[in-house]
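A.B. asks: can't give you the sequence, but here's the structure:
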């Protein structure tokens, strides 16, 4: 009787999805991504990478030790910063980065959705995923440091390059399946009519947009270490820097979840059955694994690519990525006209 | 009149096709190294480099061969070697203690050039083929006359395996376990 509200709270889908899958899951994925990034770059560049912390695990404990260090490190606040924005911006960016998870269904069964209705979920998730860059700009601006200001200005330039690509290329799925509902989009791709096969151009444009938006390697322009110290995060230290750095990986994971649902067919070969195991656990594991593949691929790019200049990145976006996204959108309209999904 | 600078016109490399091709090539090369890495990092305590006999490492002093000529101390370019005055008792004439000079070394200054070993007329100094020894404080690096005569133990030999670096024509620098 007393337990009922507690059980209800534990099984409350938004809490479950945001706290377990959203926060802890994306934390775990961020750790795996950072570890893979360092290890893959080391293997390609003839080094060994993290090793001595745990040779059996390939140095994975090194990442956990780094995290503990970030949390316990002294938090240095320079005297000249705008204090409120300086504190709030990274934390808010981190939280806003996780928020789209609420609108990402991990099962086609309504009882396991975090929100009651999944109509327009793709639109809302995309809209929420475009918010964090503004908070990063605020963080850089409030730092009152020339590197931070240059970094946040670069971030704002890059936003103009990738925002259109991300929205148009991911919404091309809506054009093909004639719905904004992510569940319907996934169900339309059952079993193997995945949009990555039917519309690879839009997928390529979407991956390019994710690379730019999370400053992954060919477009790691805002926080390029050799030019502006750490970009918008120059003045941050300790836990606040961890929020900043982790926020990028969380955003990458959330984008990868959206792409996994939209282009890789979500839980596609599998049809969720009744009950929590077959209805929620197995499809969510399939979706997270697909998203993890995208995250690890993006991490791997650090090993092989150099960094584009700002003007090269903007040129690549406006001359290559945006036409690519529009062509992908047109291709999706063609798919809808032929009636592949209906 | 300053010389006129003429810039060489470079051909613009390829178009879209060339760009796509080079990107795919880059990714393929990265995947190749990811699957089959050719690492050259030395995992130090587990492995150590076995140097050739002529390697100029730590310098050891043999007191019985020394004739106290001080050539080593004079030629030392970084003034790491100094002569110290020692009172010795000759067994044949125990009532007459005599003064002799012997070299000592300061490893804070030594640059391992090996001039002292080369110049020594009686070969009273020689190299050991390693220099990976850790001192706990700076004062320990100033060796006394007794410490200068002791050949140090290499710490990595107790737990590590010897490794040789070789230049391969295709792979570049290759690390190989010495059998």
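C.D. replies: Done, it's in. Since we're looking at a predicted model, the values are computed, not measured.
A.B. asks: ok, and the closest non-adjacent residue to residue A:246?
C.D. replies: Here the nearest residue to residue A:246 in space, its sequence neighbours aside, is residue A:30; by Cβ to Cβ, 6 or more residues apart in numbering or on different chains that works out to 5.4 Å. Where C-beta positions appear, they are placed from N, C-alpha and C, glycine not excepted.
A.B. asks: residue contacts, that neighbour?
C.D. replies: Counting by Cβ atoms under 8 Å, 6 or more residues apart in numbering or on different chains, residue A:30 makes contact with A:246, A:249, A:250, A:253.
A.B. asks: So which residues of chain B form helices?
C.D. replies: Here chain B has its helices, by DSSP state H, at B:16-35, B:71-75, B:115-119, B:145-148, B:156-159.
A.B. asks: Mark which of the contacts of residue A:30 are part of helices, please.
C.D. replies: Under the assignment DSSP H, these contribute A:246, A:249, A:250, A:253 to helices.
A.B. asks: Skip the chain neighbours and tell me the closest residue to residue A:228.
C.D. replies: residue A:147 is the one closest to residue A:228 (Cβ to Cβ, 6+ apart), at 4.3 Å.
A.B. asks: If you could redo that for residue A:191, that was the one I meant.
C.D. replies: Closest residue to residue A:191 apart from its sequence neighbours, by Cβ to Cβ, 6+ apart: residue A:269 at 5.1 Å.
A.B. asks: wait, the one you found sits on residue A:192?
C.D. replies: Yes. The pair residue A:269 / residue A:192 is scored as a contact, 6.8 Å apart, by Cβ atoms under 8 Å.
A.B. asks: Compare these two (neighbour count), which wins?
C.D. replies: Between residue A:269 and residue A:192, residue A:269 has the larger neighbour count (other Cβ atoms under 10 Å in any protein chain shown), namely 12 against 9.
A.B. asks: quick one, phi psi at that one?
C.D. replies: For residue A:269, the backbone dihedrals (degrees, to the nearest 10) come out as phi -70, psi -20.
A.B. asks: now residue A:162
C.D. replies: Main-chain dihedrals, residue A:162, degrees, to the nearest 10: phi -100, psi -20.
A.B. asks: For the nearest residue to it once chain neighbours are set aside, the count of nearby residues, please.
C.D. replies: Closest residue to residue A:162 apart from its sequence neighbours, by Cβ to Cβ, 6+ apart: residue A:212 at 3.7 Å. Applying other Cβ under 10 Å, we find 27 residues neighbouring residue A:212.
A.B. asks: For chain B, what is the nearest residue in the stretch 201-342 of chain A?
C.D. replies: residue A:304 (3.6 Å; Cβ to the nearest Cβ).
A.B. asks: gap between the residue lying closest to that residue once chain neighbours are set aside and residue A:120?
C.D. replies: Sequence neighbours aside, residue B:30 is the residue nearest to residue A:304 in space, at 3.6 Å (criterion: Cβ to Cβ, 6+ apart). Distance, residue B:30 to residue A:120, by Cβ to Cβ, to the nearest Å: 39 Å.
A.B. asks: Which one's more surrounded, these two?
C.D. replies: Between residue B:30 and residue A:120, residue B:30 has the larger neighbour count (other Cβ under 10 Å), namely 21 against 15.
A.B. asks: Tell me which other helices or strands the helix or strand bottoming out on mean pLDDT in chain B touches.
C.D. replies: The helix or strand of chain B with the poorest confidence is helix B:156-159; it has a mean of 78 (mean pLDDT, DSSP states H and E). Using 3 or more Cβ pairs under 8 Å, 6 or more residues apart in numbering or on different chains; DSSP states H and E, the elements in contact with helix B:156-159 are strand B:47-49.
A.B. asks: so, in contact with chain A or not, the strand it packs on?
C.D. replies: No. Contact of strand B:47-49 with chain A (Cβ under 8 Å from any Cβ of the partner chain) is absent, the minimum separation being 11.4 Å.
A.B. asks: helices and strands around that strand, which ones?
C.D. replies: helix B:156-159, strand B:161-168.
A.B. asks: Name the residues of the shortest one that come out as buried.
C.D. replies: Of the residues in helix B:156-159, those with enough neighbours to count as buried (16 or more other Cβ atoms under 10 Å in any protein chain shown) are residue B:156.
A.B. asks: Pull the contacting residues for the residue lying closest to residue A:241 once chain neighbours are set aside.
C.D. replies: Nearest-residue entry for residue A:241: residue A:233, 5.9 Å, with adjacent residues in sequence omitted and distances by Cβ to Cβ, 6+ apart. Residue A:233 makes contact with A:90, A:139, A:140, A:148, A:151, A:223, A:241, A:244, A:245, according to Cβ under 8 Å, 6+ apart.
A.B. asks: Check residue A:119 too.
C.D. replies: By Cβ under 8 Å, 6+ apart, the contact set of residue A:119 is A:180, A:181.
A.B. asks: just to revisit the earlier point, what lies in contact with the least confident helix or strand of chain B?
C.D. replies: If you take Cβ under 8 Å, 6+ apart as the criterion, helix B:156-159 is touched by B:44, B:45, B:46, B:47, B:48, B:132.
A.B. asks: re the thing from before, am I right that the residue of the stretch 201-342 of chain A closest to chain B is in contact with residue B:26?
C.D. replies: Yes. Contact criterion Cβ under 8 Å: residue A:304 and residue B:26 qualify, at 5.2 Å.
A.B. asks: buried stuff in the helix or strand containing residue A:125?
C.D. replies: Assigned by DSSP states H and E, residue A:125 belongs to helix A:121-129. Within helix A:121-129, the residues that count as buried by 16+ other Cβ under 10 Å are A:121, A:122, A:123, A:124, A:125, A:126, A:128, A:129.
A.B. asks: ok, and what's touching stretch A:286-304?
C.D. replies: With contact meaning Cβ under 8 Å, 6+ apart, stretch A:286-304 is reached by A:21, A:25, A:29, A:32-34, A:36-37, A:40-41, A:43-45, A:106, A:207, A:210-211, A:214, A:216-218, A:249, A:252-253, A:256-257, A:259-261, A:264-267, A:270, B:26-27, B:29-30, B:33-34.
A.B. asks: Run a quick neighbour tally on residue B:67.
C.D. replies: Neighbours of residue B:67 (other Cβ under 10 Å): 11.
A.B. asks: Contact partners for it?
C.D. replies: Residue B:67 sits next to B:121, B:122, B:124 when contact means Cβ under 8 Å, 6+ apart.
A.B. asks: Let's see that with 7 Å instead.
C.D. replies: For residue B:67, the contact set (Cβ atoms under 7 Å, 6 or more residues apart in numbering or on different chains) comprises residue B:122.
A.B. asks: quick one: pLDDT of the residue nearest to residue A:228?
C.D. replies: pLDDT recorded at residue A:147 is 91.
A.B. asks: Please give the element, helix or strand, for it.
C.D. replies: Here residue A:147 is assigned to helix A:146-177, by DSSP H and E.
A.B. asks: In terms of secondary structure, what does that helix contact?
C.D. replies: Helices and strands touching helix A:146-177, by 3 or more Cβ pairs under 7 Å, 6 or more residues apart in numbering or on different chains; DSSP states H and E, are helix A:121-129, helix A:132-142, helix A:182-188, helix A:200-213, helix A:238-262, helix A:310-316, helix A:322-338.
A.B. asks: and the residue of chain B nearest chain A?
C.D. replies: Across chain B, the shortest distance to chain A (Cβ to the nearest Cβ) belongs to residue B:30, at 3.6 Å.
A.B. asks: Help me confirm that that residue comes into contact with residue A:44.
C.D. replies: Yes. Counting by Cβ atoms under 7 Å, residue B:30 does reach residue A:44; the two are 5.3 Å apart.
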